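Chemist: predicted model and sequence follow; I will ask about them next.
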Amino acid sequence: MHLALRDAGAECAVGMLSRPLHALGTDERMAHVGEVIRLLQLSAKHARLAARSARATERERDFLRFLRVILQYVESVYALILNQAQMESKEHGFLQKFLGETMMDELSLTALNYRRRADDMLEGLWHVLRLSSAPYRDLQQANFNALTDSERERYRRARQAFLERHTTTMPAATAVQTPEPMIRNAASPSDSGAAEFAI
């Protein structure tokens, strides 16, 4: 079900973005952010398919646009981390070979600057994601309320299967805890045990 995969992918991506990356090495950061990109691409794909439905609302199409903006943002972060890796790599980085040994100090400083810019961008992104929490929950609840009983059950099963598969196949360095279901039932969208959108 497209809505379930849209929501589960977005929630897992946001859960991963909420994890501090400061302690991770450059390669681990690349793997982590690369997995976030994969999840956002999957979520956006299913958001696009869900938005084609005759029942789709303008808010659903706006959420698809939002996912695309977030995806572009995270891809920019990935590019910064990739550049950092090129600056740091002695074995595979072409920049050190091209610029020569005399530029090593400059390259190290530039790599550090790339890391700081990526961290700054992630911090700014997290602020936007926090702001999107309530609108996301409202959209998710509205979508859920519009489903029939059988569709709700399919939604729950598809979402849970995705979360179980995702958390068991991720590398340990990028693993995220399974978010609590956002929706317990149609009557209680803000159940106290629900996750914060994870967005």
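Modeler: Alright, I've got the coordinates.
Chemist: what helices and strands are in contact with the host helix or strand of Phe63?
Modeler: Using DSSP states H and E, the element containing Phe63 is helix 58-88. Helices and strands touching helix 58-88, by 3 or more C-beta pairs under 8 Å, 6 or more residues apart in numbering; DSSP states H and E, are helix 2-17, helix 26-51, helix 94-99, helix 104-131, helix 133-145. In this view, the C-beta of every residue, glycine as well, is placed from N, C-alpha and C.
Chemist: which among the ones you listed is found nearest to Arg159?
Modeler: Closest to Arg159 of the helices and strands packed on helix 58-88, according to C-beta to C-beta: helix 2-17, at 4.1 Å.
Chemist: CA atoms only for the closest one, dumped as CSV, please.
Modeler: The C-alpha coordinates for helix 2-17 follow below in CSV (Å, rounded to 0.1, in the frame of the first residue of the first chain):
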residue,chain,number,x,y,z
HIS,A,2,1.5,3.3,-1.1
LEU,A,3,0.5,5.4,1.9
ALA,A,4,2.0,2.9,4.3
LEU,A,5,5.3,2.7,2.4
ARG,A,6,5.4,6.5,2.0
ASP,A,7,4.9,6.9,5.8
ALA,A,8,7.3,4.1,6.9
GLY,A,9,10.1,5.3,4.6
ALA,A,10,9.8,8.9,5.7
GLU,A,11,9.7,7.9,9.4
CYS,A,12,12.7,5.7,9.1
ALA,A,13,14.6,8.4,7.2
VAL,A,14,13.8,11.0,9.8
GLY,A,15,14.7,8.6,12.6
MET,A,16,18.1,8.2,11.0
LEU,A,17,18.5,11.9,10.6
